[in-house]
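K.L.:
Okay, structure incoming, though there's no sequence with it:
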């Protein structure tokens, strides 16, 4: 876990922040966040559970969704700004919803993240719709520092529930029956673009750690150009492929 070198004396935000209760105790009372975090960075080779994509990553816990999974854009903006202000480089966003118009405040927050050279990874959504025309936010904002992620299965098929978008969804990643951590020292399978998103977030952090002088633009470009092209994503995503972090790390 990330450790705040200068925690606030009132909120004691040592490992992150809970914007629902306005304190420094971002405990997971839903299981969604713990599952996504395990995909990103669960420690491997210890005889326990699973191995995350980036086992040495530092995870900052920021909570703006309730135990029922509800929240608002204002909370999301606060979480984004907190992460950027405290030095995060990759933001994993397994949340969102449908909308007719993008939120200027949210777009501005993502722009502030880009200004600080931060990548914003977003789940494409689970409605089985086209984000190019049937907008899902934040995934459809299509910001320069954003990678929107569709879900694939173990056979490299497009998950039946996954949103797509040849112009707005960049890549695919595993998102069906993903086995990861849940609260209570347990493990469980979950499906969704919420599970695909942290695969790309972990891969981004791993690639960036191998190339610490790169900008977010270079990390994004390498991840996109090194995908494995698969028929199920052809014409459904910008790249037509599923991420391959080994290929991204091995490219010259």
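P.N.:
Arrived safely, thanks for sending. Everything quoted here is computed from the prediction, not taken from an experiment. Numbering: from 1, shown residues only.

K.L.:
Tell me the bridge partners for residue 91.
P.N.:
Judged by DSSP bridges, the bridge partners of residue 91 are residue 120.

K.L.:
Check the gap between it and residue 112 for me.
P.N.:
11 Å (Cβ to Cβ, to the nearest Å). From N, CA and C alone the C-beta is placed, and that goes for glycine too.

K.L.:
Ok, residue 167 next?
P.N.:
The gap separating residue 167 from residue 112 is 24 Å, by Cβ to Cβ.

K.L.:
shaky segments in the protein?
P.N.:
For the chain, applying pLDDT under 70 flags the ranges 100-101, 251-252.

K.L.:
just the strands in it please.
P.N.:
Remark: strands assigned in the chain by DSSP state E are 16-18, 61-63, 90-93, 97-98, 119-123, 136-137, 146-152, 171-174, 178-182, 186-190, 228-229, 241-242.

K.L.:
Distance from stretch 45-63 to the middle of the chain?
P.N.:
Put simply, stretch 45-63 sits 14 Å off its chain's centre (Cα atoms, centre = their mean, to the nearest Å).

K.L.:
brain fart, stretch 142-160
P.N.:
For stretch 142-160, the distance to the chain centre is 11 Å (Cα atoms, centre = their mean).

K.L.:
Start and end of that stretch, how far apart?
P.N.:
By Cα to Cα, to the nearest Å, the extent of stretch 142-160 from end to end equals 23 Å.

K.L.:
in that stretch, what counts as buried?
P.N.:
Residues of stretch 142-160 classed as buried by neighbour count (16 or more other Cβ atoms under 10 Å): 142-143, 145-153, 157-159.

K.L.:
just the helices in the chain please.
P.N.:
Along the chain, counting by DSSP state H, helices occupy 32-41, 73-85, 104-115, 193-210, 216-225, 245-250.
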